[in-house]
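Sequence first, then the predicted structure, then my questions.
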Amino acid sequence: MNIILSGYGRMGHEVEKAAQLRGHHIVARMDKKSDWNNLEINNLERPVVIDFSLPDAVREVYSYCFVHQLPVISGTTGWLEKWDEVVGECTSNGGAFFYASNFSVGVNIMFYLNEQLALIMSKVSGYTPKMKEIHHVHKLDAPSGTAITLANQIISRFGNLTSWTLEQPGENGTLSIESIREGEVPGTHEVTYESQQDIISLVHEAKNRQGFALGAVLAAEFLKGKSGIYSMKDLMQDLI
């Protein structure tokens, strides 16, 4: 499979290694929006675009991809206010789009467990949910896309919660998320439920970026030949 890397930073390099280990070919590395002006697409086999770039580039780059029938794997966070526009353009062009706030298989197992735990805890009185996420100092957005996904899962199951907040502690009706940026931490996410008697915790700690990169390549393999909008739930159903 031919792959275009959109964004050639830390994650771009990890995706490149993971893709090559699985026998795929990197045909272009796009590190700024102007690189797309010089792209020559091989008509014999349309490449899949794996994007780990910056949120301000998303709208223009994805539009180019959909018009040119290039499937897009998006791992870029911080742009979801443009979601409806992106999905609308993908659909109108008969394109293929796969978005995940986190491509790690382990994190997506955590998403499943988080939904189940939230459903149980919403029926038990005396526990207060809160969250913490830790990432490297280079990560610009806070909270992380993964933390927002976890938070929205919890909020949707608690009738007394309406939103999340970065304030510590959160006001009534809000789920507090503590965001920490330190060192070169790949990513740690923790959900806790605390009562006067005990604490229940659900934690995922990434050891490195390899799991995220592999998940993105698996998503590209899954998306090839398809059209429509997909997520890690679709990939996990295919894998399990």
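Noted; the coordinates are in hand. Residues are numbered from 1 along each chain as shown.

Spatially nearest residue to residue 9, not counting backbone neighbours?
Spatial nearest neighbour of residue 9, excluding adjacent residues (CB to CB, 6 or more residues apart in numbering): residue 52 at 6.9 Å. In this view, the C-beta of every residue, glycine as well, is placed from N, C-alpha and C.

Determine how far the last residue of stretch 1-14 lies from the first.
In stretch 1-14, first residue to last residue: 17 Å (CA to CA, to the nearest Å).

now what about that stretch, what contacts it?
Under the criterion CB atoms under 8 Å, 6 or more residues apart in numbering, residues 15-16, 19, 24-31, 39, 42, 45-54, 57, 61, 70, 75-76, 138, 209-210, 212-213, 216-217, 220-221, 224 lie in contact with stretch 1-14.

Give me the buried entries from those residues.
15-16, 19, 24, 26-28, 30, 46-54, 57, 61, 70, 75-76, 209, 212-213, 216-217, 220-221 (16 or more other CB atoms under 10 Å).

Cross-reference those with the helices and report the matches.
15, 16, 19, 61, 212, 213, 216, 217, 220, 221 (DSSP state H).

any idea how far the fifth one is from residue 48?
Here the distance between residue 212 and residue 48 works out to 17 Å (CB to CB, to the nearest Å).

Can you name the two of the ones in helices among the buried ones among the contacts of stretch 1-14 that sit furthest apart?
61 and 221 (21.3 Å; CB to CB).

Spell out the residue ranges of the helices in the protein.
Using DSSP H, the helices of the chain run over 10-21, 58-67, 83-92, 105-121, 145-155, 210-223, 232-239.

by contact count, what packs against the last one?
By that I understand helix 232-239. Here helix 232-239 touches helix 105-121, helix 210-223, going by 3 or more CB pairs under 8 Å, 6 or more residues apart in numbering; DSSP states H and E.

just checking, what packs against the last one?
When you say that, I think you mean helix 210-223. Other elements packing on helix 210-223 under the criterion 3+ CB pairs under 8 Å, 6+ apart are helix 10-21, strand 48-51, strand 72-74, strand 96-99, helix 105-121, strand 228-230, helix 232-239.

Mean pLDDT and distance to residue 184 added to the ones you listed, as a markdown table?
Converted to a markdown table, the helices and strands packed on helix 210-223 look like this (pLDDT from 0 to 100; distance: least, CB to CB, whole Å):
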| stretch | mean pLDDT | distance to residue 184 |
| --- | --- | --- |
| helix 10-21 | 96 | 9 |
| strand 48-51 | 97 | 22 |
| strand 72-74 | 98 | 24 |
| strand 96-99 | 98 | 26 |
| helix 105-121 | 95 | 18 |
| strand 228-230 | 98 | 31 |
| helix 232-239 | 90 | 25 |
